[in-house]
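A.B. asks: Just need the structure, nothing else, for what follows:
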Amino acid sequence: MKRVFIAVLISSLLILTGCSDDHGHYISGKFEHASNTPVTLARITGDGEQILDSAMTDGGGRFKMKNPVKETDYYLLRTGPQSVIY
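C.D. replies: All right, here's what the predicted structure looks like:
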């Protein structure tokens, strides 16, 4: 599970840095064994996490959300409230 989380985090950072405006850009993906699960996109700041958007996975673990990111920064895409060490 930890490897999956790290892989998703790295992938999302690469995707997010390539999308700098919000003219129809979306973040989408699929999580294994995560049907009907909330997915949250957050910006990492000095004060903690700033929630930017969220979505629910469908029965197959797929999700899609609008990309609100406007600048290169540190972001986190998570599927649960687990603690994360930065």
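
A.B. asks: how about the strands in the protein?
C.D. replies: Assigned by DSSP state E, the chain shows strands spanning 26-30, 38-45, 48-56, 62-66, 75-78.

A.B. asks: Buried residues, the second one. List them.
C.D. replies: If I follow you right, that is strand 38-45. Val39, Thr40, Leu41, Ala42, Arg43 (16 or more other Cβ atoms under 10 Å). Backbone N, C-alpha and C define where each C-beta goes, glycine included.

A.B. asks: coming back round to it: deepest in the core, which of the strands of the chain is it.
C.D. replies: strand 75-78 (a mean of 20; mean count of other Cβ atoms under 10 Å).

A.B. asks: and it, what does it pack onto?
C.D. replies: helix 2-17, strand 38-45 (3 or more Cβ pairs under 8 Å, 6 or more residues apart in numbering; DSSP states H and E).

A.B. asks: quick one: pLDDT of Leu9?
C.D. replies: Note for Leu9: predicted pLDDT of 58.

A.B. asks: cool, and Asp21?
C.D. replies: Reported pLDDT for Asp21: 49.

A.B. asks: quick revisit: turn the strands of the chain into TSV, including mean pLDDT.
C.D. replies: TSV is the format used below for the strands of the chain (pLDDT from 0 to 100):
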stretch	mean pLDDT
strand 26-30	91
strand 38-45	90
strand 48-56	91
strand 62-66	93
strand 75-78	88
